[in-house]
Structures are given as C-alpha cells and as structure tokens.
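Q: sharing a sequence plus its predicted fold:
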Amino acid sequence: MQGLVEILVLPLLGAATITAFKGLMPKKLPGIWASLLVAVSFLLSILADRRVATLSGSHHVITGVLWNWVTGFGAAIHFRLYLDPLSAVWLLIITGVGALIHIYSIGYMHDDAGQPRFFAYLNFFIFSMLLLVLAGNLIVLLIGWALVGLASYLLIGFWYERPTAVAAAKKAFVMNTLGDVGILLGLALLYIHYHGVGYPHLFQAFSQAKPGSAFFEWSAFLLYVGAMAKSAQFPLHMWLADAMEGPTPVSALIHAATMVTAGVYLMTRLYPLLRLAPITHELIGAIGAFTAIFAASVAFFQQDIKKVLAYSTLSQLGYMFLGIGVSAYTASVFHFMTHAFFKACLFLAAGSVIHGLSGEQDLGQMGGLARKMPWTMASFLAATLAISGIPPFSGYFSKEAILGQAYNSGHYFLWGIGVFTAGMTAFYMFRLFFLTFLGKPRNQKLHDHAHEAPLVMTIPVVILGVLAVVGGAFGGWLNGWLKPAFALYPGAAHAALESGPLFGTIVTVALAVVAFIVAFLLYVRRDTAPKAGTEQAPGHWMLHAWGMDLVWMAIVVNPLKLVGQAMGAVERTILAGVTGLAAGVQSWATDLAPIQTGYVRRYALSIMVGGVALLAYYLIRIGFIS
Amino acid sequence: MIPLNDVVGLAAVIFAVGAVGVLVRKNPLVMFMAAEMMWNAAALVFVAYARSFHAMTGQVMAFIIIGTAAAEVGIGLAIIVSVYHHRHRLDIDEVSQLKG
Amino acid sequence: MIGFIILAIVSLVGAFGVIIARQPVHSALFLVLNILSLAVFYILLTAEFLAAAQVIVYAGAIMVLFLFVVTLLTAGKDDREPKETLQDQRFWAGVLAVLMGGGLAVLAVKFPSRSIPLSLPQNFGNLHGMGAILWGPDFIYLAGVALMLLTAAVGVLVLNKPRPASKPKARWEEGES
Amino acid sequence: MFLVWLMAVPLLGAIAALAAPDRAAKGIAAITSVLTLLGYAGLLFISRASINWAWIPEWGIRFHLVADGLSLFLLGLSSVLLVVAVFASHKDAGRTYYFWLLLLGFSTAGLFAAVDLFVFYVFWEVLLIPVFFLLTGWSGERGKKAAMKWLIMNLVGSFFMLVGVVALAVIHSQNGGGLTFEISQLSHMSMSSPVASWLFFAFLVAFAIKAPLWPLHGWMPETYRESEPPVTAIISGVLSKAGIYGILRVMIPIFMPQFREYQMWLLIVATIGLLYGAFMALRQTDMKMVTAYGSLSHMAMMALGIFSLTQAGILGTTFYMVAHGLLVGGLFLVLGLLERRTGTRAMADMAGLNRSAPRLAAYFLFFVLGTLGLPGLPGFAGEYMIIQGLFVSHVVFAVIAGFVLIVAAWYMLRVFQAVMQGPARTSGIKDLFSGQVAWLVPLAGLVILLGVWPAGITSHAVPSLYHAMNLALGKGGVR
Amino acid sequence: MSYALWPEYSVVLGVLVTMFSVMVFKGRSIQAYWVALATIVASGIISIADWGLKGIPVSLYGHGVTVDAFSLVINGLVLLAAFGALLIGWNDRRYGPDFPVLVLLAMLGMMALGMANNFIVLFIGIELLSLPLYILAASQGPGPSGEAGLKYLLLGAFSSGILLFGLALLYGASGTMVFTQLDPSHMILPLAAGGLALTVVGLTFKLGIVPFHMWIPDVYEGSPTPVTSYMAFGTKVGAAAILMRFLFFGFALDAGWWGPALGYLAVLTMVVGNLLALAQKDLKRLLAYSGIANAGYLLVGIAAHNIQGARALLFYLLPYGLAVLAAFAVIQVVAGERESLTVSDLRGLFRRSPWLAAFLAVSLLSMAGIPLTGGFVGKFYLIQAALFSNQPGLAIGLVVGAMVGLAAYVRPLQRAFSAADEATETPLHWPWAGSIVLVVAVIGTIGLGVYPAPIVHIVNHSAAFYWLH
C-alpha cells in the first residue's frame, strides 16, 4: 500500500490525539500539531504521487485491499484503497491547501475557546476527504463521502450556540444525506448488475458495455444526485450559502477548495459511466451551466462578503460541471485546481478582513481598507483577477479550456451561458473588491481599528495569491499527468485540454473588462451604496436567491408535515384502539357479572335450561327429533 | 301385571313436577321436599326396570337411594334450621347476600 | 290397568299437592301421600322389601323429621308462601319442566326396555333376596350408606352446636400445643 | 459448555442478588454480568456450541440449544447490553431490580439459543415476566398500566403462536414423522395450504407484536416511556430483536411458500411502518419518544430485509439486528443519563447543554449518528445490505427505504440539536463521570469495530443463515 | 383378599380413630388433626405401595369398583387435596375437631369416584363427597357460610335428582349398571341419549361447567377458606375422574353424537369463567371463577376424546390443584381473622412479606399459564390433545379464554407488588402448617414447569385406555 495508509492515518491520529488530550495541551499546541500532521501527509502525498508517476505499464495505479468490508451475499466488498493520477491531484490539493489553511487557522482561531475542538474537526475533515479520494470502490467512497458531510456539519455548527449556525448545519447534513442516498442506490444498482463496486472491476465492465440503456442512465443519474448534493448543484444548492455560518477557514477549505468539489471528483472518476449514459451526461452539463449563471446572478447584490464568495463558488462549480458535461474532464480538474487556489485565497483574505474588522462581514461597513491591509488587498486583487478570467491569471486558462471545449463539442448554448457568466463573475467580484478595499470607509470607527492580519495568517494568503497568479502554468503538466488516467478506459474523447476559437477568448475577455469598468464606475467613481439596486424587482429577487428556500418549503417540507399530521391521527386511533379493546372486555365482564343474581332458584333454572338444551341436542343428534 | 314403560312415564312426570317445585317454591323446606320427590321418581324408575330385567341391582340402587336420602335429609334440615333459626320468614330469596 | 291409573292419579295428586299447597305442613302431608303411592307401586313391582323400606324410612323417619322441622321453624311466624318476586321464574320453570318431563315421558313410553319372558327368579325383591345381596356381594354399598349416615350424625352435631356470639381471637400457638 | 455457562451464571447470579442485601446487589449483578460476558467470549472460540438434552421424552421435546452464526451474535448482543445495563443502573435500585434484570439476561440467552420450538416458546414467554415486574415495581401508576399493556398484548400474540407451535408438531406426527418440536425437522414438513397460512399468521402476529412492527406496536410508546433507561435499552436493544429473530429462525425455514405468497402485502405493510415510525419520530417532543418511534421505523427496516427474501436482505437484517441493538441501546442509556441530570425529557425544556457537558454531548452525537445510519458506523452497513436486497426483489421499496434514511437524519439531528445546541437556557449539568465513560467507551469501540468491519459478523452468520434458507430452498427458497 | 382397597379401608379406620380421639380429648383436640394427617399419609403410602402391585388392575364387587393405575393416581391427587385443606385449616381455631373427620369422609367419596365402575358406586361417591362438604360449607354459622351451605345443599340435591334419573334411564336403556358393560351399539339409543344428557348434567354440575356452574362462586366465597380449597381441588378431581371413567369406559365407541356438545360446553365455560373473573373484587370469588374456567380446560381433555385427552386431563389436575392450594394458603394467611379478602387488600403484600407475594405470584402465573410453571405444561398438553383430535376450535377457545383471563390473574399481582400505604405495613405471621402447604405447592408448581417428564410418564402410563384411538 506504499504509504497510502500513512497519508490517511496521520490526520485521523491528529483528530484523535487532540480530542483525547485537549485538556492537557497548551493553548497553541493543537493548531501547530494539527498543521504539522497535515503538512507531513502533504509531503507523503507528494512521494506517493511520484511513485504513481514512476509506475511502469499503461495505467498508473496503486491499489490494495485493507480488509473485507462485507462478505456473504454475492461477491465480497473489500475495504480497498486506490491511488491514480486523478486522485493524486485531489490528494495534493487537499493536503497542500489544507495545510495552508490549518496554519492560517492558528492565527484566525487563536482567541476562540473551542480552538482544540476546531482543529480536531479540521483534521477529521482532512482524513475523511482523503478517504473519499483514496477510496478503491464506491462503498469506501461513500463512507468518506458521508464523513466529510459529517465534518462539514460539525464545522458549520461549530459555534453551536448560534441558532442560525445550528439550522444551517442541519440543512447541510440533511441535503447531503440526500446525496448519500443517491450514491447508495446508484451503487446498489451497479452491484446488482456487475456483482462488485470496485473501480477497476466496474470500469472493465463499462468499457465493454453498449451505451444508452436505461440501467446506465439510472445508475449514472443516482450517482449524479450524490454529486449534486455535495457540490451544491441547483436545486440542492441552498445549504452552501447557509454554510457560511461556519468559521471562515472552514468556508475556505471545505466549502470552496475541497469538499464541494468532491462531486467533480466523483463525476470525473466515473467518466466511463457517463459515456454510457448520454442523457444524464447532457443533463449534467445543462444543470452545471444553469447553476453557474443562476449563482452569478444571486451573487450580484449580496451584502455579506462571504455570501458573495459562496455564490461565486457555486457559480464556479457550475463551470466545472459544465466542463464535465462537455466531457472536458481535464479542464474541469484544472479549473478545480485553480479554483482551489484563488477561491481559498479569496476566502482567507476575506477572513483576514473580517478578523481585522473584529467580525464584521457586512459590505456596508467596509471600504477603503487597501491602506490598512495591503498584503491582503494585493492577494485578494490577484485572486479576483484570476476568478474574473483576466489573462494571464490562472482562472483565465482553466475557464478558457472549459468554454473552448464546450464550443468545440458543439454545445454553443452552454458556451454562451458560460461566456456571459464570466462577464457577470468579473462584475460582482470587482464590486466586492471595490466595496471592500477602495472607496471611502463607510464605517469610520471600524476602519480606524482595522489592522493587517498577523504573519501566520498573511503568509498563507500570500502564498495562495501567488498560486492564483501562476496557477495557469500547471495546465500543461496537468494535461500530461492526467492523460493515463483518462486514456485508460474509453469514453474520454475530449478529456485533454483543448483551446477554443479565438473570437471566443476575445469575447470573454472583453466582457470581463467591460464588467470591470462598469463596476469601477459604479462603485469607485460614483461609489454607490452596496444596497443599491436591491429594492426593486430583479435585484430584490437576486438578493434573496430567487426565493428558492420558499419553493423548497412549499413543495417538499410542508407536504411532509401534512403526512406527518395524518399519521399522528392514525397513531392516536391505534393507541386508543388498544386501550379501548381492553376496557371493552373489562366493561363487558362487569356488565355480565350481575347474571349471578344470588337467587338459588335462578341457579336451578339455569341448570334446568342447560339440561333441556343438552337433552334436546342429544335427541336431535341421534335423530329422535328431526 | 302393570305396564312398565307407563310406570316410567309416570315417574318422568313426577320428576318434572318435583323440578318445578324446586324452581317455583320459595320455602326452602318445600324445595327440599320437591327434590326428594325427584329422587323418588328416579328410584321408581330403577325398580321398574329391575322388574323388567328380572335383575335386583335396580332394587339395590333404589334402596341405596332411600338410605342416602335419609342421610341427606338429616343434614339438609340441620342446615336449614341453622340458617333460618333467627329469620322471620322461610324465604329462600332472602338468602342472597352472595352474588355478582 | 285400572289399578295403575288410579295409583298414578293418587301419586300425581300427591306430587302436585306438594308444590301447590300454600303451607309447608300441607306440602309435607301431600309428600307422604305421594310416597305411600310409590310404596304401593313397589309392591306391584314385586319389591316388597323396598316397599317396606319406603314406608318405614320415608313415611316414617324422613317425613316425621320434616314435620318436626316445619313446626319448629314456622312456630309463631307466618308460614304462608311469600309472593313470587323473580319475574318469569314460574313461566320458564313450567316451560322447561314440561319440555323435560314431557320429553322423558315420551321416551319412556315409546321405548319400552327389553323385558325377559322367563318367570321371576327365586326371592325376587323380598327380604331374603335383598338381604342375600346387600349382605353378600354388594355389602360395600351398604357400608357406603352407613358412612353417609355417620356423616349426617356428625353434621347435625356440628351444625347445631352453640356458637359464640363473637369469634374468638385466633391464637396461632394453640395449634402446636 | 459455554452455553450452559451463559445461562447458568445469570440465573445463579439472580438468585444470589435476591439473597444478598440491597447494597451488595449491584456488585453481585455487575460481577455476574461480566462473568456472563466472559463466558460468551469463550463461546466465540467454539465453532458451533450446542446443548442437546432430553427434556420431555414423551412429547419428543429436547432441551436443544445451539450457538450458530444466527444466534451467536445476538447472544453477544444480549450479554453486552446486560453488562452495560447493569453498570448504568442506579446503585440504590434494590436487589429485586437486579434479580429481574439478570433473569432477563437468562431468558434472552435461552431464547436466542433455542432451536427446539418448545424451548423457544418457553423462553419467549418467560422473558415477559421480568419486564413486567421491572415496569410494575419501579414506576408509578402509569408504569402499572404500561406493564399490563406490555404483558397482555405480548401474551395475546404468543398464545396464538402457542397453538401454532403445537399444531406444527401435531401435523408433523400425523404425517407419520413422530412428535417432535425440532425446527430443522418441522421445516421439511408438507402442510395443506390454508392450514399453513393460518399458522403462518399466528406466528407472524406474535413476532410482529414483540418487535414491534406497525400496526401492532400499541404497547410500545407507554412501555418505552415508563421504563427505567437500562430496561428500555434492553427492551429496545434485545427483546425487540427477539421478534425479528423469531421470523428468521422459525418462520423462514418452515413457511417459505407463505412468504412467497404474501410477500407483496408484507412488504407494503412493513414499508408503511417504516415511513410511519419515521414521521411519528419527527413529530415527537419527548426525546425518548423520538428514539422509540425511530426504532419502530428501524424494526420495519429489518422486517423489510427479511421480506425481500434475498440473501442480501436477510443477511443485512441479521447484521442490522446486532448493530441496531448496540446503537439504540447505547442511545437510550445516554438519554437516561441526560434525563437523570436534567430531570426532564421534553426537548423544549433543554438547550445548549453541550457547553456544560461536552463529553456527554459527544457520546450522544455518536449514538445519534450511528442510529441515523451514518456510513462508517454499523447502522449503515445493515441498511445498505437490506436496501441491496430490496433492490433485487422490488426497487420501489428500496427507494422508499432510501428516502426514510433522509428523514432519519432529520429527526435524529433534531433531537441532538434541540438538546445539546442552541443558546443555553437552562443552568449547566454535570458532565459524564469517569465511571460512566468506563462503559460508554467500550460500547462505542465495539460499534466502530462493527462499522468498519461488518464482515466480522456476516462471514460467520452466512453458513447457518444459508443453512436455514436452504431448508427453505426446498419450498421456493430465496434469491 | 387383595390389598387393592386398603387405602380406602385405612381411611375408614382413620375416621373412626379420629372420632374416638375427639371423644377422648376435650377442647379443640388438635389430636384429631394429627390422626387425620397420619391417616392421609398412611393411605398415601399404601396407594404408592399398591402402584407396582401385581393383581392391579383388579375389579371387585361385581365390577362395582376397579382399582387400577388411574384410580391410584386419583387417590394421590385426592390425598394431596385433603392434606392441603387439613394443613391450611390446621392453625385456625375456628375449625373444630369435626373438621378433619369430615375432610376424611369427603376424601373417601372422592376416592370412590376414582375407582367407581358402576352407577351405584358412582352415586355413593358423589353423595359421600357432597354431604360432608355441605356441612363444612355451612359450619361457620348462619352468615355467608350458612348461605353457602344452603345453596350448595339445595342445588346439590336438585342436580343429584337429575343425575339419578339419568342413570335410571341409562339402566333401562342398557340393562346394566357397569360402565364397562355399557355398549351403545346394543342400547335403546333414544333412551340412552336422554339418560346420558341428564347424567352429564349431574356430573358437570359437580365439575362446575357453564351453565351448571352458578353455585360455585357463591359457595366458594361463603365457605371457610380451607374448605374452599378442598372443594376447588378435591371436588374437581373427583368429578373429572368419574366423568372420564363414565364416558371413556361406557361410551368410548361412537363418541360422534355426544362428544361435540361437551366441546361447546368447554369453550363456553372457558370464556365465561375467565371473563367473569375479570370483574371480581373478592379474591376467593375470583379464584372461584378461575376454578370454573379451569373446569372448562379439564372438559377439553374429555371433549377431545382421545388418549392424549385423557392423559392431558389427568395431568392438568395436578398443576391446577397445586396452584389452588398455594393461592388459598396465601389467602388464609393474609386474611387471618376475616373470612373474605378483596384484591385491594393485597396492596403492599410484597413489603409485608416478600416470600408470600412471590408464592402468590407463582400460583397465579401458573393459572395464567406462563411457562416454567405447571399450568403452562398442562395447557400445552391439553392443546396437543385438542389438535390431535382435529378440533382446533377447542385449542383456540382455550387460548382465547386464557387471554381473557390474563388481566384477572395479573391485577392481584400488581396490587401485591406495588408500594403499600403505611396502614398495612404490619408484618404477617406464618403458621407453620400453612407454610408447609405453600412450600410444597410452589415447589411442585415450578418443578412441574421445569421438569414435567416424570409426571408425564406416570400420567401416560395410568391413563392408558387402550380402546381410545
């Protein structure tokens, strides 16, 4: 198993030790210890990846069975780990970005009472996420899948005394359970047909199969439901926005960089299945595109700095699924990587801002912070440029790759949406940037106390900022690196990176620039209030995410409530029936008792009655009376 | 020579009359007499059949019945006396405290 | 045959008299009538010994006992039959008795038992015969009757022993003494 | 040998506890239960322990107990929960309490090991009595009502079963097979279809009442509400499994044709129960009741697993019985600790207890997660196998079962968050004492072990399970 | 002559000696009790000695009495009943020197019923059983006791009349009085049918079958407790024995036309008895109704009319009797001076005397038919019998009756095991004799439940009526 187990176990060890000995540990130790472990497993991951790279043969896979998970019906299901170039990418991002965010958190959480608990959860999350990507079959993947859900539940509800946080946590967990069930059903379906859920086994089977049967559509769709819930695709997206109740590093790590992209991982991992399920495949792309533009529109007028970033995350996830939909797998992975860089950077920077403003998140209270926190501003700017797709920043390349392949594969409509969304992205990101760092401060008091974050926080931010700038350079490497992973089984026709038509690029960039200018004019020159445009029709709806929460209440929650009430009535009747029956027999007895009148002659009469009856019966039976 | 089955029929009637007596009379003594009458009817039947079978077992049975009746009457009257000693009326329906 | 009918009427008069007479004394006397008629039947059925026993035991001992108790209990009280209080008691009693008695009578009359053409054996039903049986093979029945009479004796003693007004306090240790 | 140990030790311990003074009772009970557990550990090393003594030769009844893969782990479950329950009980509960508790352990051991129908029935009814007295003696008038309901409903069920038991043996002997109550022999018997159907339902009703399965769960709410937490843990953890176990052990081998005939109806009713329990749990305001109705739903899940008549489903049920027993037992015990601290069970009366009792909260959350079927914990493994089985037989029910998993997450988290999270309104409570952690930790460890390594049970259960099902295969069998 | 009747002879002897001792010693003369006890023990020993004896089975006095394994088992049960009654009443001053004498006399009657083989012995047995019980029932003054005695007397005389007339008709129909010589195929059938109907009425009256049961509650409630226990156990043993002999010896063949009626009566009895038991407050009355219900169970064994039925009936008598003895012993101890004991008087019994409560629990659970008690095994055997005779209705009726009765048996237990109010916290005194009965009964009940095999063996041996299929 060449070190996979160690990579897995180290974070778990961290979580366990911190939980067990948090009482004994000095104040700073948990953070340092946790970060150290993650960093070590980052190094181990690098080694493991090198080992994968140096593997001979066509497919570069390290795999092995730890133990039998369950046996007894059909084929045994093993507890199998599996490392190939695809999971290697995730491995690196998870541990690398994870390590940075751990370090950042040391500073960010330094004065929080629950600090050890926080780092234990964080380590536990890293472990679960690694389990997810290192899983060798769908069951193990599902275990990791659910455990990251649990981790995010714990971390969203980290400040458990905030009712909003608790509610958000529950919402996230329940919606993710929906996803888990989807995967569960999907893998059960696959198991029935292929008597196994291990990747190599399944892929072998897929590569011989003919596309287009309902079975493939269903299994692919069920698995996609899982991805949907985890990656917050429309209509299962609400939990992600609410998840911002958690501490900012959590938002950066879980709800931007890693966990929410698990769906992307699952879909890219199962690309041979997508080939067999064309309808679902198209659906993925369409929903992805819609999610992208929908989220972008919602992000337009958000008032909360983290909300904006959350919806932008949604939008970027939409891009990734769009990429999957047009089977631009490498591009999606590429975008996932760059997105991990710049979005983590954005969140951490936002975190520094919030930290600097002692917990203030409302854009209405910010402004003009550039002078106060230059480093943060610089990296935030870099990341903003990256996400807006301004060349030569990283975002440009990855987004370009996705759009280009969308165009090449003939999905012109999706392409159009993508391009337009790119423009919107540029607008709301720059709006955010301007409202935060430029213009004149809207809350002087806060502004006066604002200060640059300590080094332990700034350094990770800057590193990520740099990555956000240069991340595009990894494209070529990634292309080569993933080629074996996608070449192994049929179905990845356009997996490799392709460049789109030139005019596409021009239009995209032009839109971005225009959006930049508009934002600049509106929010720096005119310095419009953040609230502007949220009163009347479109803006209002955009601000409230088009009222999707209400829709959910209307079509899902309330009907269930009604069913519950009906069943409550049934229950009352059942219980009443039981007691009623007993009471009925009892009262029957009490009514019958007076038959015993106490008069001897009545008793004699009853004897007489019995005697006559018996006599008559016998005489009838022998046919004397007939 | 008298018709045996008619004797049995007569016994049946006496038996029924005795039963009626037990059912309708309220005086415990009279009820008891009626019961004795039922026994007598039975004894009569035994004797009659003994005659028809030329076997004396029936007569033995009748004799046993008479003897038993004597003993029973002794006990019965003693009980009735001990129960009705302090009561003013010989009414069986007064003795109905135990019920339900 | 005529004799049988007359006897039957007499015994039935006695029987009905028992249950109709208003006063227990009359009932007792009617019962005597009934018993005596039965005794005559016994004689006709060649059971002299039983007839004698019937007269002596019933008409003699039992009825005397009855009359004695009647007079004892009804002394100075109204001994007239109280009103019927149980509703429908009489009606149902009549119906059921008619059904049962009628049914049995019909059975008895319609199905005569097998009768043996031979002449009666020696000593049938007279003192010798009965004695030979009762003090011979069937002695045990006599013993049983004896035990019952013994019981009756004990019973009379027990039931009429003077009883203290208030029950004595139970002294558990008494038992072991 | 170890089987004898497993039954003799609790019995002797019970008598000893009764003889001992009140303050020594708990010590004796603890020692006894631990010894029992050790005996069980010994059992694990024997492949197929069994007792087979003549009991009533005239009726062909043998005192025949077997610890095969089917019963082995349920025996383990009962001994583990017995230990935990004893440790979790009040110190001042009194000797009779421990007497009944140990007697319960004795009778459950007998029940799970019995393979002679008569023996099975004897223990089946005997274990009603300890629970009855535990309900009567340790709670007020409402407890008495609950006890009455418990006893009468269960006995009503099992009396019909009694007729069924005897009828099976009689038919077997009238077929010329001689009078015997050995399940393995009765299973080869041929019956006329209507008779078989009547017997089938006679058994099914008895088992369904004990489980309980909707709509025969009338005794459940009161009993769970009124009983002491350790007793609730044993009732819901072990006794309820007896019902399902009975279906597996007795009905599957004998009544397979009837299962086939009525499968659709059985599946439908069980599914109604599944949804029903989940939604009722969602409506409760009493945290103990939420768990109670939740387990009602889970029992329906197990029933579904059996009624799917597939290897996966039945195996899943076999596993899920043990898993659910540990989980729900632990959960009820934790709730008991909570109730003892707060003095209430109404979720509205408590909030934010996490601040004052983080360790309690942690274990509470652990068992909540296990109960709602979090992958990685045993509940999930069982539910997965059951759903796998349902997929094979009827997809619709698999989908509904999946949906219920979501509802389960909903209502379980509702409890946890209402009690532990949110702004702390009440004054704080004491956190777990080390003594309580001492029995919680091994329990949690066992749960995790089962979660990551279900094969530990399934691989053992399979041979005897398929033995039972191959007995059935003669009559249609299972897929 | 053979030793076959020596158990009975010894009892007669015992009666005489007892009465003599009464004359000799003044006062309550506990000596009479001792003599009676010695008699019972002696008779028991002789019965056991007779068990293996060659020359058994034997039929004496012109087939009047048959001594066989069956009658010996009945002897054993009857002796147990008398033993229990005697000891329950032992330490209570209210029962004078007459008590043991009458108990012995009634016991003689029951024994006679056990071995009766013709109408005369049947009748003698019935009367010899009843007369002492009339006296015992009425022995406690004109109050409830007198009422009980009077009711028992009048109804007893009435039913005896019916019985006699039925026997007479049977005699006429068959020409013989010996059961084993009765042969339905050579009878005048209608006459036999009428006779059988009336005879069954007379016998089931003693057994307490609905609708001939109505004397039972009143008489049981009014009579002194030991007498009640004697009636509940002994009378039922005798009646069941004679009913079984009479029907299985006399009418074994073509049971088709008389069997089913008994089945209906049995079901009716089981349901009504248990149902009315639910409504009772007074404990003795409750047990009276449970006695009716149990009579129904016994009748199942007869209605099944097969070898299993005979065995099951014979077996069931023992656990039933033990449960009855235990229950009435508890009542005697708890009630003390009072004649009656209501269910609510049991409140807090567990606090006052845990063992007493435990014993009560065992006996009531045995009546309810919970496993590991004799009652369960008995019911189990009865159900077997019903199903072997292909009459599932009987089995269903049995369990339905048991279900209905449950609450009746359980409620007293709940009272006994619930906390008492301070008033009743006085500890109870244990008379040694009653304790013996209790211990014997409870051990027996549990023993029968845990290891019934030997008893089952004996019963199967002694109820071997080979002509039953």
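A: Received, thanks. Because the structure is predicted, anything quoted here is derived from the model rather than measured.
Q: do stretch D:213-221 and chain E meet?
A: No - counting by Cβ under 8 Å from any Cβ of the partner chain, chain E has no neighbours in stretch D:213-221; the shortest distance is 13.4 Å. The C-beta positions use only the backbone N, C-alpha and C, and glycine is treated the same way.
Q: what about that stretch, average pLDDT?
A: On average, the pLDDT along stretch D:213-221 is 88.
Q: with stretch A:484-499 instead?
A: Confidence for stretch A:484-499, expressed as mean pLDDT, is 77.
Q: near chain A, which residues of chain B? Just list them.
A: Counting by Cβ under 8 Å from any Cβ, chain B sits next to chain A at B:19, B:22-24, B:26, B:31, B:92-93, B:95-100.
Q: now with 6 Å, please.
A: Counting by Cβ under 6 Å from any Cβ of the partner chain, the residues of chain B close to chain A are B:Val22, B:Leu23, B:Ile92, B:Asp93, B:Ser96, B:Leu98, B:Lys99, B:Gly100.
Q: am I right that A:Gly98 is in contact with A:Ile126?
A: Yes - between A:Gly98 and A:Ile126 there is a contact under Cβ atoms under 6 Å: 5.1 Å.
Q: and for those two, which residues touch both?
A: Both A:Gly98 and A:Ile126 are contacted by A:Val38, under the criterion Cβ atoms under 6 Å, 6 or more residues apart in numbering or on different chains.
Q: now do the contacts for C:Thr46.
A: Counting by Cβ under 6 Å, 6+ apart, C:Thr46 touches C:Phe124, C:Gly125.
Q: please settle this for me: is it part of a strand?
A: No - judged by DSSP: H, G, I helix; E, B strand; the rest coil, C:Thr46 forms no part of a strand; its state is coil.
Q: give me the phi and psi angles of it.
A: Backbone torsions of C:Thr46, given as degrees, to the nearest 10, read phi 50, psi 50.
Q: now do it against E:Leu79, distance only.
A: Distance, C:Thr46 to E:Leu79, by Cβ to Cβ, to the nearest Å: 44 Å.
Q: in chain C, what residue comes closest to chain A?
A: C:Leu96 (4.6 Å; Cβ to the nearest Cβ).
Q: go on, the stretch 1-150 of chain E?
A: With Cβ to the nearest Cβ as the measure, E:Leu150 is the residue of the stretch 1-150 of chain E nearest to chain A, at 7.5 Å.
Q: which SSE is whichever residue of chain D sits closest to chain B in?
A: Nearest residue of chain D to chain B: D:Met148, at 22.9 Å (Cβ to the nearest Cβ). Using DSSP states H and E, D:Met148 sits within helix D:141-172.
Q: which secondary structure elements does that helix sit against?
A: Contacts defined by 3 or more Cβ pairs under 6 Å, 6 or more residues apart in numbering or on different chains; DSSP states H and E place helix D:141-172 against helix D:117-126, helix D:128-137, helix D:193-210, helix D:220-226, helix E:374-388, helix E:392-417.
Q: most tightly surrounded among the ones you listed?
A: Comparing the helices and strands packed on helix D:141-172 by mean neighbour count (mean count of other Cβ atoms under 10 Å in any protein chain shown), helix E:374-388 ranks first with a mean of 27.
Q: what angle do that helix and helix D:141-172 make?
A: For helix E:374-388 against helix D:141-172, the angle by axes from the mean of the first three to the mean of the last three Cα atoms, to 10 degrees is 40 degrees.
Q: only C-alpha atoms, please: export stretch A:247-255 in PDB.
A: Extracted in PDB, the C-alpha atoms of stretch A:247-255 (Å, rounded to 0.1, in the frame of the first residue of the first chain):
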ATOM      1  CA  PRO A 247     -15.700  29.900  10.600                       C
ATOM      2  CA  THR A 248     -14.100  31.400   7.500                       C
ATOM      3  CA  PRO A 249     -11.200  29.000   7.200                       C
ATOM      4  CA  VAL A 250     -13.800  26.300   7.100                       C
ATOM      5  CA  SER A 251     -15.500  28.000   4.300                       C
ATOM      6  CA  ALA A 252     -12.200  28.300   2.500                       C
ATOM      7  CA  LEU A 253     -11.200  24.700   3.000                       C
ATOM      8  CA  ILE A 254     -14.500  22.800   2.900                       C
ATOM      9  CA  HIS A 255     -17.000  24.900   1.100                       C
END
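Q: quick one: mean pLDDT for it?
A: For stretch A:247-255, the mean per-residue pLDDT is 87.
Q: distance from it to the middle of the chain?
A: 12 Å (Cα atoms, centre = their mean, to the nearest Å).
Q: show me what that stretch is in contact with.
A: Residues outside stretch A:247-255 that contact it (Cβ under 6 Å, 6+ apart): A:101, A:104-105, A:108, A:152, A:155, A:158, A:240, A:243-244, A:344, A:347-348, A:351.
Q: what's the local residue count around residue 298?
A: In the absence of a named chain, chain A is used. For A:Val298, the count of nearby residues is 26 (other Cβ atoms under 10 Å in any protein chain shown).
Q: oops, I was thinking of chain E
A: Neighbour count for E:Leu298, taken as other Cβ under 10 Å: 29.
Q: and for the one 3 residues further on?
A: Residues contacting E:Gly301 under the criterion other Cβ under 10 Å number 30.
Q: picking up where we left off before, leaving out chain neighbours, which residue sits closest to the residue of chain D closest to chain B?
A: Spatial nearest neighbour of D:Met148, excluding adjacent residues (Cβ to Cβ, 6 or more residues apart in numbering or on different chains): E:Val410 at 6.4 Å.
Q: re the thing from before, what is the lowest-pLDDT residue among the residues of chain B next to chain A?
A: For the residues of chain B next to chain A, the weakest pLDDT value sits at B:Gly100, with 76.
Q: now do the SS call for that residue.
A: Of the three states, B:Gly100 takes coil under three-state DSSP.
Q: likewise D:Trp55?
A: On the three-state scheme (three-state DSSP), D:Trp55 is labelled strand.
Q: contacting residues for it?
A: Residues near D:Trp55 by Cβ under 6 Å, 6+ apart: D:Ile61, D:Arg62, D:Phe63.
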